[in-house]
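below: sequence and its predicted model.
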Amino acid sequence: MGSAPRTSPDPLDGKSPGGESPQKRSTGDSEKDSASYGAGALDELRQLIVGPERDALRRLRERVANPASRTEDVSEVVAESIHLRREQGGDEALSAALSPTIETALRESVRKDPATLADALFPVMGPAIRRSILETLRSFLASFNQVLDQSLSWQGMKWRLEALRTGRSFTEVALLHSLVFRVEQVFLIHKRTGLPIAHVVAPAVAMQDPGLVSGMLSAIQEFVRDSFHAEQGQGINRLQVGELEVWIEDGPYAILAAVIRGVAPRMLRDRMAESLEEIHAGFSGKLERFDGETTPFAAASPVLSRCLDSQFRQEAPRLGFAYAWAAGGLLLCLLGGFFGWRWWELHRWNQLAATLSEQPGLVLTSFARENGRYVFRGLRDPLAPDPAALVRAAQLDPARAEFHWGAYYALDDPIVQQRATALLAPPLGVTLSVKEGVLRITGGEPALQWTSGLRARALLVPGIRAVEISPQFSPERLAFDQAKSRIESLVIKFPLASATLPLGERAKLGELLPHFKQVLNAPELRGSTIIDVIGHSDATGGEAANQDLSQRRADRVASELAQWGIVATALRTKGVASTQPVRAEDSEANRQFNRSVTLRVATTP
């Protein structure tokens, strides 16, 4: 929408078309035009002064915010940054920062494609493996050849005896005795500086540069300590360099290194330690102040020379034909004795196995020799004999026996008899015996309580199929015997010269009434039981009077029993006066027992 064209005000007209005064309009327009002109000039000036910098900052901000631009910038200076960091001595920090990433990348690469790493290591590992195999085979063939040479010699016989005595194989003993070694060079190296102090060489050996060897050993020792954070005094004590081996002995101020060809014995290590101790004892002050001058240590060379030891293989002399036959015969005797002893030992253990098989309660299912021990497997009843005791009884070593038993109940008569005795617990005098599963009970007179339900309890014992009980063990017979014993133990006492039954004695007689009926009504003895009522008197008074008194006392007791329902025909009275005293009349109390009536139960066929 267009605006109306601006018209110039009329100078003669004091008003504008809008009604404002001409003076006021003119001032406002002037100020406005001035302000617009000033702002535009300031923007133009600002653009001229800081415009290029603002454009550069804008472009820089856009480049920093763009990941692709940052990656491109860093890639141009990465190599130079790593090189500069290494020159500034930041190897450890750089290694610590890069190691996890490199290790992770290498591990992931091997996981995805192991063939890549194998192809890279093949040029290095292949020759090393082949050389190691060839050296091992060469050493083995040389030692094996010597073993063959010595096998029929007198030395070989001694080695065979040593093998039998120590439990090693003959080949192992022969190889141990056929070792050859030579110490070619010995170096004494200062520990702090790594400089050589003294050096001795065996005859006809090419000498190595002492400084080079000393520097190499010191560098290797420091590398190992730094890499594995070893404590002071710890480090490498042995190096393998081709066919040579370097033994290292560490001391407070110096290191002793011996270059060895072959396999040296352990005693060489002891000799090196002794030599190093002697050098420290004689040169401790000089070693501590060592500044590179080796002249003061000339006296150490003889000490080092003691380590230049060597041992050479000696050809065993050939034995004559007769000696060879003698050695062969001795060997055959030894082998015969050994195998004979082994056979006799096995025979004794086989006899033990047969003995175990014959024991009641033991079932031997297998017997074998396993890992130097004799193993027995089978079944064992808890009441069977102890197998370990049988091993000791056979004079064999129980430690060489091993038993594996399964639990079961044996049906052998001796085992069943032991089981029945343990479960039934018979009283003293009662005998239990088992034959073919039949339990027989004999012996003394058991208690009535034990015989109650005896047959039912006996049949519950594993292995018992029938029970034979002696007639005297029947409940009726035991009840009869018990009642008879109670009756015959009763003594009914009377007053002096009287046949009157006191009330207390009458009550005692009434208490035994059930026992009287028991003995008279026993089914197997009915009609054949008689109760003898025997009257007694003391020795005072006349015999005729005592006879009559004792008879009347017996009749009085029989009359009392008849009143209580005892059949008169089952009672038999008899007066014996003082002819059958109950007790000896040596006191008034005993004479009182003789003024009495006793009872006896008699049975007839």
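That came in fine, so what should we check first? Residues are numbered from 1 along each chain as shown.

could you use CA atoms for every contact and neighbour count after this?
Noted.

excluding chain neighbours, what is closest to Ala497?
Spatially, and ignoring its direct neighbours in sequence, Ala497 is nearest to Leu549 (7.2 Å; C-alpha to C-alpha, 6 or more residues apart in numbering).

thought Val576 was touching that neighbour, still the case?
No - using C-alpha atoms under 8 Å as the test, Leu549 is too far from Val576 to be in contact (9.5 Å).

hey, what's in contact with both of the two?
With contacts taken as C-alpha atoms under 8 Å, 6 or more residues apart in numbering, Leu549 and Val576 have Ser537 as neighbours in common.

quick one, what contacts the residue nearest to Ala497?
Contacts of Leu549 by C-alpha under 8 Å, 6+ apart are 497-499, 537, 575, 577.

can you pick the most crowded of those residues?
Using other C-alpha atoms under 10 Å as the neighbour test, the contacts of Leu549 are led by Ser537, with 35 neighbours.

got the contact list for it?
546-547, 549-550, 576-578, 581, 594-596 are the contacts of Ser537 under C-alpha under 8 Å, 6+ apart.

cool, and Ser214?
Each residue near Ser214 by C-alpha under 8 Å, 6+ apart is listed here: 187, 189, 194-196.

just the element for it, please.
helix 210-228 (DSSP states H and E).

what's the neighbour count on Ser433?
18.

what's the answer for the one 5 residues further on, then?
Counted by other C-alpha under 10 Å, the residues lying close to Val438 total 18.

which residues does it bridge with?
Beta bridges link Val438 to Lys435, Ala466 when assigned by DSSP bridges.

report the contact partners of it.
Val438 touches 464-468, counting by C-alpha under 8 Å, 6+ apart.

any of the contacts of Ser537 buried? List them.
Applying a neighbour-count criterion of 16 or more other C-alpha atoms under 10 Å, the buried members of the contacts of Ser537 are 546-547, 549-550, 576-578, 581, 594-596.

returning to that earlier point: for Val205, state which of the contacts of Ser537 is nearest.
Closest approach to Val205 among those (C-alpha to C-alpha): Pro581, at 127.9 Å.

picking up where we left off before, Ser366: which of the contacts of Ser537 is nearest?
Among the contacts of Ser537, and counting by C-alpha to C-alpha, the member closest to Ser366 is Pro581, at 74.5 Å.

Three-state assignment for the closest one, please.
State at Pro581, reduced to three classes by DSSP: H, G, I helix; E, B strand; the rest coil: coil.

and it, its phi and psi?
Dihedral angles of Pro581 (phi, psi; degrees, to the nearest 10) stand at phi -60, psi 140.

domain map for the chain?
For the chain, automatic domain parsing gives the domain ranges 88-169, 179-290+300-311, 323-407, 413-473, 480-603.

nearest to Val74, out of the ones you listed?
Val74 lies closest, by C-alpha to C-alpha, to one member of the domains of the chain: domain 88-169, at 16.6 Å.

any idea which helix or strand carries the residue nearest to Ala497?
Element membership for Leu549 (DSSP H and E) is helix 543-563.

again, but for Ile530
strand 529-535.

over to Gln417?
helix 413-424.

that helix - contacts with which helices or strands?
With contacts defined as 3 or more C-alpha pairs under 8 Å, 6 or more residues apart in numbering; DSSP states H and E, the packing partners of helix 413-424 are strand 430-435, helix 454-459.

7 Å instead?
strand 430-435 (3 or more C-alpha pairs under 7 Å, 6 or more residues apart in numbering; DSSP states H and E).

and the angle for the strand it packs on with helix 413-424?
Following axes from the mean of the first three to the mean of the last three C-alpha atoms, to 10 degrees, one obtains 140 degrees for the angle between strand 430-435 and helix 413-424.

centre of the chain to strand 430-435, how far?
Mean-position distance between strand 430-435 and its chain equals 47 Å (C-alpha atoms, centre = their mean, to the nearest Å).

put the alpha carbons of that strand into PDB.
What follows is strand 430-435, C-alpha atoms only, in PDB (Å, rounded to 0.1, in the frame of the first residue of the first chain):
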ATOM      1  CA  VAL A 430      20.400-119.200  78.200                       C
ATOM      2  CA  THR A 431      22.100-120.300  75.000                       C
ATOM      3  CA  LEU A 432      21.000-119.400  71.500                       C
ATOM      4  CA  SER A 433      22.200-121.400  68.500                       C
ATOM      5  CA  VAL A 434      21.300-121.100  64.800                       C
ATOM      6  CA  LYS A 435      21.500-123.900  62.200                       C
END
